[in-house]
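In: Here is a sequence with its predicted model. Questions after.
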Amino acid sequence: MNQPKLNLSPKVSDEVRKTTCYMCACRCGINVHLKEGKVAYIEGNRDHPVNKGVLCAKGSAGIMQHNAPARLRAPLKRVGPRGSGEFEEISWDEAYQIAADWLGPIRESNPEKLAFFTGRDQSQSFTSLWAQAFGTPNYAAHGGFCSVNMAAAGIYTMGGAFWEFGQPDWDHTKLFMLFGVAEDHDSNPIKMGIGKIKGRGARVIGVNPIRTGYNAVADDWVGITPGTDGLFILSMIHCLMKAGKIDLHYLAQYTDAPVLVNNDEKSPEFGLYLRDEDGKQLVMDRVTKKLTPYDQPGVKPDLSATYRAKGVTHRPVFHKMAEMYLSEDYAPEAVAERCGLPANRIRAIASELARVAFEEAFELEHKWTDFRGETHDTMIGRPVSFHAMRGISAHANGFQTCRALHVLQIILGTVEVPGGFRFKPPYPKPATAHPKPHVGMTPGGPLNGPHLGFVHGPDDLALKQDGTPARIDKAFTWENPMSSHGLMHMVISNAHAGDPYKIDTLFMYMANMSWNSSMNTGGVMQMLTDKDENDNYVIRHIIYSDAYSSEMVAYADLILPDTTYLERHDCISLLDRPICEADAAADAIRWPVVEPDRNVKGFQSALCDLGAKLGLPGFVNEDGSQKYADYADYITNHERRPGIGPLAGWRMGANGLQHGRGGPNEGQLDSYIRNGGFFAEHIPDGANYYKPWNRAYQDWAVKLGLYDSPQPYLFSLYVEPMRKFQLAAEGHGDRQPPEHLRERIKATMSPLPIWYETDQQGNEGFTINALTQRPMAMYHSWGSQNAWLRQLHGHNPLYLPTKLMRQHGLSDGDWVRVSSPHGEITVPVMEMASLNENTVWTWNAIGKRKGAWALDKDAPEATKGFLLNHLIHELLPPKADGMRWANSDPITGQAAWFDLKVRIEKSEAPREARPEYPPLKSPVPQAPENLAWKVGK
Amino acid sequence: MTTLPDNTEKKLGLVIDLDTCVGCHACVISCKGWNTENYGAPLSDQDAYGGNPSGTFLNRVHSYEVQPEEGHAQLIHFPKSCLHCEDAPCVTVCPTGASYKRVEDGIVLVNESDCIGCGLCAWACPYGAREMDMEEKVMKKCTLCVDRIYNENLPEVDRIPSCVRTCPAGARHFGDLGDPDSDVSQLVAERGGVDLMPEQGTRPVNKYLPPRPKDTMPEIDVLAPFLEPVVQEPGGFLGWLDKALEKL
Amino acid sequence: MHPAPSVIAFSTFSGLGFGLLFWLGFGVPVVSGWSAFAFFTIAYLLAVGGLISSTFHLGHPERALKAFTQWRSSWLSREGVCAVAALIVMAIYGAGLVFFDAAWQPLGILGALLSLGTVFTTAMIYTQLKTVPRWHQSLTPVYFLSLSLAGGALLAGQITWAVVLLIAAGAVQIATWLLGDRALKQSGTDIASATQLGGIGKVRAFEPPHTGTNYLLREFVFQIGRKHAQKLRVISFGLMVVLPVLLLLLPFSHLLAVVAVLAHVAGVLASRWLFFAEAEHVVGLYYGKR
Ligand SMILES: Nc1nc2c(c(=O)[nH]1)N[C@H]1C(S)=C(S)[C@@H](COP(=O)(O)OP(=O)(O)OC[C@H]3O[C@@H](n4cnc5c(=O)[nH]c(N)nc54)[C@H](O)[C@@H]3O)O[C@H]1N2
Ligand SMILES: Nc1nc2c(c(=O)[nH]1)N[C@H]1C(S)=C(S)[C@@H](COP(=O)(O)OP(=O)(O)OC[C@H]3O[C@@H](n4cnc5c(=O)[nH]c(N)nc54)[C@H](O)[C@@H]3O)O[C@H]1N2
Ligand code: SF4
Ligand code: SF4
Ligand code: SF4
Ligand code: SF4
Ligand code: SF4
Ligand SMILES: [Mo]
């Protein structure tokens, strides 16, 4: 046959440049193929530790993101009223001058008048340094509204969390249980992992009210009632403890289960650990029957023995656990109805966990020595692993639920063991090894230390002399004492209310706060545009950095336009949120694989300029000149501590280049580029499990600069700092909570995980749970400007379970009015059968404001797409005493997005989804109509 | 040569695992990216930023809900591109010979410079695997990345389709389904791979691996021994604990 | 299927045109000189006009010549070849009638058969498509052919033939509709066979692959309400068969004949619109659109 002759080996590109993806925060490695100097095609980097060559839809669509018509083109100065979108393009010099004119004076008088908050950012170690140098206590990133419950619960409990900070041992696990995950930060690795273990025939259990994505491929689906996972987990703990299906050896050796706790209700130390003079936790030794520090060589901690001294009985944590969890209150029959699961199902899953953990246990031939000096010939593996994210985190009981899950992991002996869940460096790192929050201000000078951290009791709270909150977001106060990531979702409403005080300038970066990242979106727009009696905006100045024409741009006075991710330097640092895997420490960079063709600048470089202009310490040399020419200069030359910089690879040692510790190396970025944009150092065999207690790992971590000295520790089934807050609430100590919070602190801050109802104040008549999920092919708001991705998710229906569809006489495409105690939206519906029968949901952040993102005004995102955020308030309806509590976890301040309850009524189809807002004026030109994209034709 | 070859030397194709596909659309976009830059005309988009955006894609991911007689409804993500049928009706209907099936590997292609854009091949394809490009007005379809799989400018490991290379869940497999010993053939044999719409008589080369049975967790009776309480009397737990610790 | 006006017009008018050529090829009616010229012009306007309109839906009409190459396998190609052959043969035959007053009958019969063949190939383009069960039945070519012959007879002024053939075409039309209504179901192709998920349980399309539209949906997924379709069937049948037959049974008048022809054409256009609009392509199953 005469077939056409094809060129089977066309040239793929002129050049491949390897950098790091930023279509989401997963930080995969990418090969950017260039033709004629333009981006032609993006694929995954096979050598990269995170994605090993694969790439998600967003990553492959990067070319459309990079070329999006919504890209900002130059610094902007607002010329119309706030919220109108009317701007004038200005020079960078003018932009810096405006910023300096606002910021300079407040720094000299009262630095707290600047609130600097960053969103979807991967340079927090840098931005926080800048804020610290400025001297304001008001700095945080978006973690508070994202998943701080998950992070804080993990770190307080076991010195590391899920997020992207740990992962199942995909090579060995045989049972993987997933709670409340749609996509995750570690999205490609999870997909790879699931694919891998399913290929091996391992079982995947998905716990989620909605059966899509990972939960759709799960072998077993547990369609739980939202907000009740804690109860379900504690019930499984009940079953396992009752059956003795727990890893006693693990509990005794590596956790605080044997640590003795003061059991005298009248003692001011009731519930605190018994410690020796050095502050070490004490246990009873089963052999010597003596009180012994937990880390004494040869000690055999006793889980059972009590200790009595000076009339006070001390009981091991494990006794408390037995007392608490063996109670019939946690029996499957007692919780089944609330969880929406048959009691038998709970038992079945608990027994399957037990079966796999204990019957399928195995050993790896790795000799290792623990922190007490005992050498073990093998490593025991328990092939049960867990992962969880916002589904359990974004509830007001999320901290305790996440804690419960960690306790479940720990009693099964599955953390940091083969087949279980493992940390990624720099974790494990216990809460005590992290800084505490700092709020010490000096006008004209830097803050006295890092803003965020971990509190260990009332003394560490961020309160002013008079007991009022030191921070604008009220983080680390009695309202949410352990708010390790701050509360970005409260900044605008607190600043608007002047509670706890007024600010002058709000400086935000990469957070679409007038839209999808806020609760009460309409209210926030109002607050941002509200004026005071002198006709000034209540929030006087707003500076914002975005790369695109987002909804938030319209609400700022000064815009610092960022580059796209392919046009700038970035540093994905071990000081921050690196790209490590459980087997390797790794960090990465982004670098300008193409130069910007607009008058834009990497935000971090702009901060270097602005920091120098303001004369911030650390940003100027002794002679007052600018210290870092740009972010690349900072990445290369900044040292956090001597020998420790933003990047760990290719540092300058005494005898040439070395990894981990070392001085700055001018060629460092080039080395990264040559290596594909990242650096990875593998953890030696035998050091890669049991890391918190493994001498080889601890020594390796010190060598690499993750710690300055070995930091072995015990897992905290019992979180003592929580008990300290309870003690204060019970009246002990000088720092006392306000009266109205006492009962809540006592009730919620149990040092052993508990479950409490999250149904909110004022929810009577609103009975249906309403959730959002991340679509795998969209990143929050910013995917909609992508011509390819928006075809996949151009609008979002509200998915209703079959039962509710029938009950309300609805069919696909009908419209409903959805109301909550706070607001109302009118939106189209679709039926879904594989859904909890009292839950509705939609894809997150598809709805767009007209005029944003360079989309036409009739874009379906704006006419049919919608946000649930309009229904969620940052404050709960007033209590009887008139107090309005934050819609947040009372422990960490985590925004409780998923506690939303709604009511549904069928509606006439409106012209457009409601609420409708007037269009924004676009600061960027009209987008082209058709695309036939081919570079280098 | 619109007639089909009597047989092809190889039967290259994809095997798609419905048990692991998480519906992420990575393959969809990767395919769009590669094929926009490579074989033939770019895959265009109309009204790209407007009220009714649509564009050419060679691979799309559907999703279905399946309600078993008993138990929970299941959701199955379902990627679909050209199945490179052995009896490809799209080829025989083509009036110009633009559509053809390659003798050497069975890949079904459109020679765009011969295509008159009549659309008949798309009518003939039961699977919706062909889309007319609205800009170039020629028929587009999955090329099985014919310009990758033999491409000497790519490293050997990368000589696989773009969608296969990118799939995070590893739900897509590529190989010679004509060779019973190939990895893909073995996989199909092991997992009972199936043809879509077999009654259409197209004899697809691509195979689908059905989802494994779901929600089959053994009922409590089987597992009961695992949760047998260690002690019956209340408060006896600490006694058990002491004994258990002795044995450690 | 999307009822594209160009394809509807093409198949209707070229069907009539080739129908007329068929009769002319057999020397019915007997024509020569100007009358032959008039009849042949009408036939060619219809047949060629239809053919030209069919190129409107081509993406690259300038490459249309390539479409003649694949006659060994492609009905569309065969149609092209057949049409051109028919037109050429009939042109020569017609030239004989118009200019030489000579009826080269063997040529005429050949041309007539080629004309009919063209209609048959057109029909086969649709009939061959297993993907559209409503079309994939042996009645489809009969439907095309009977209408073409009836319409041709009507245009050729063959009242008796026209009445008989119109009634026959009407019967075929009704049978086509009735069988067509069951075709998808009987084809064995359904969402379960499309997805092969039927073994697990009842399959329902959930999220489509994209929220927007695409070529496939525009081209193949056209949904028409049952009631609406029934109404159109009645109208179409009335115009296409009933009215012309009644008019033809009345005493002959040129005006009535013209009305009969116009009614018939309108009816066929409606029938052809339904032919597409009611046809369900199995790809719709993947989109849950059936
Ligand atoms: N209903 C509901 N609401 C939610 C959630 C939910 O689950 N349900 N989830 C919450 C969570 S966890 C989060 S993290 C937030 C996320 O919400 P946001 O933090 O608002 O995240 P995005 O919308 O992705 O993007 C923020 C901004 O970053 C800009 N941007 C993108 N790339 C760049 C860049 O390179 N440089 C700069 N300077 N800017 C850039 C975008 O244009 C956009 O304006 O949403 C929260 N909101
Ligand atoms: N593609 C993509 N990837 C992303 C993002 C994105 O926008 N797009 N955003 C990134 C960000 S900022 C974050 S924070 C992460 C978040 O990653 P995820 O935690 O996966 O985020 P969500 O999509 O909010 O998923 C929450 C899941 O919890 C379920 N859920 C809700 N309530 C409950 C409950 O009470 N119990 C249980 N068991 N489940 C429940 C919901 O059904 C949903 O499946 O994703 C990151 N990755
Ligand atoms: S998960 Fe996707 S978007 Fe996120 S970094 Fe990786 S490839 Fe990029
Ligand atoms: S799937 Fe469709 S386009 Fe591909 S070979 Fe089969 S019939 Fe042709
Ligand atoms: S559209 Fe092109 S490839 Fe398809 S049948 Fe027509 S000419 Fe052949
Ligand atoms: S094989 Fe290539 S052309 Fe075909 S679907 Fe995959 S990426 Fe697209
Ligand atoms: S990339 Fe893989 S997992 Fe994702 S939709 Fe395609 S086949 Fe499914
Ligand atoms: Mo987040």
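Out: Everything's here; your move. Ligands and ions are numbered 1, 2, ... in the order given.
In: Quick check: pLDDT value at the residue of the stretch 101-250 of chain C found nearest chain A.
Out: As assessed by C-beta to the nearest C-beta, chain A sits closest to residue C:211 within the stretch 101-250 of chain C, at 4.2 Å. (Each C-beta comes from the backbone N, C-alpha and C, glycine too.) Per-residue confidence (pLDDT) for residue C:211: 95.
In: helix or strand for residue A:679, which one?
Out: For residue A:679, the element it lies in under DSSP states H and E is strand A:678-682.
In: now that strand, how far from the chain's geometric center?
Out: Here the centre of strand A:678-682 is set off from its chain's centre by 23 Å, with C-alpha atoms, centre = their mean, to the nearest Å.
In: And for stretch A:303-310?
Out: Worked out by C-alpha atoms, centre = their mean, stretch A:303-310 lies 40 Å from the chain centre.
In: Now that stretch: average pLDDT?
Out: Across stretch A:303-310, the per-residue pLDDT values average to 93.
In: near chain B at all, that stretch?
Out: Yes: using C-beta under 8 Å from any C-beta of the partner chain, stretch A:303-310 reaches chain B at A:303-304.
In: do the same with stretch A:388-395
Out: No: using C-beta under 8 Å from any C-beta, stretch A:388-395 never reaches chain B; the gap is at least 15.0 Å.
In: Please point out which parts of that stretch sit buried.
Out: Residues A:388-395 are the ones in stretch A:388-395 that count as buried (16 or more other C-beta atoms under 10 Å in any protein chain shown).
In: I'd like the residues you listed as TSV, with pLDDT, secondary structure and distance to residue B:189 appended.
Out: Putting the buried residues of stretch A:388-395 into TSV (pLDDT from 0 to 100; DSSP: H, G, I helix; E, B strand; the rest coil; distance: C-beta to C-beta, whole Å) gives the following:
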residue	pLDDT	secondary structure	distance to residue B:189
A:388	98	strand	37
A:389	97	coil	38
A:390	97	helix	41
A:391	98	helix	38
A:392	97	helix	41
A:393	97	helix	43
A:394	97	coil	45
A:395	97	coil	46
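In: export the residues you listed to TSV and tack on distance to ligand 6?
Out: Below are the buried residues of stretch A:388-395 laid out as TSV (distance: C-beta to the nearest ligand atom, whole Å):
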residue	distance to ligand 6
A:388	33
A:389	30
A:390	32
A:391	32
A:392	36
A:393	36
A:394	36
A:395	40
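In: Just give me the residue right at the centre of chain A.
Out: residue A:147 (4.3 Å; C-alpha atoms, centre = their mean).
In: Select the longest helix from chain C.
Out: As assigned by DSSP state H, the longest helix anywhere in chain C is helix C:159-187.
In: tell me what it is packed against?
Out: helix C:139-155, helix C:226-237, helix C:243-249 (3 or more C-beta pairs under 8 Å, 6 or more residues apart in numbering or on different chains; DSSP states H and E).
In: could you point out which element follows the shortest one?
Out: Later in the chain than helix C:243-249, the nearest helix or strand by DSSP H and E is helix C:254-277.
In: buried ones in that following helix?
Out: With the criterion 16+ other C-beta under 10 Å, helix C:254-277 contains buried residues C:257, C:260-261, C:263-277.
In: got a list of what residue 119 touches?
Out: Defaulting to chain A. Applying C-beta atoms under 8 Å, 6 or more residues apart in numbering or on different chains to residue A:119 gives the contacts A:141-142, A:488, A:508-513, A:517.
In: that answer is for a different chain, and I need it for chain C
Out: C:14-15, C:18-19, C:144-145, C:148.
In: make it 7 Å
Out: By C-beta atoms under 7 Å, 6 or more residues apart in numbering or on different chains, the contact list for residue C:119 reads C:15, C:18, C:144-145, C:148.
In: Now render those residues as CSV, adding distance to ligand 5.
Out: CSV is the format used below for those (distance: C-beta to the nearest ligand atom, whole Å):
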residue, distance to ligand 5
C:15, 22
C:18, 22
C:144, 20
C:145, 24
C:148, 24
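In: Alright, I will stop here.
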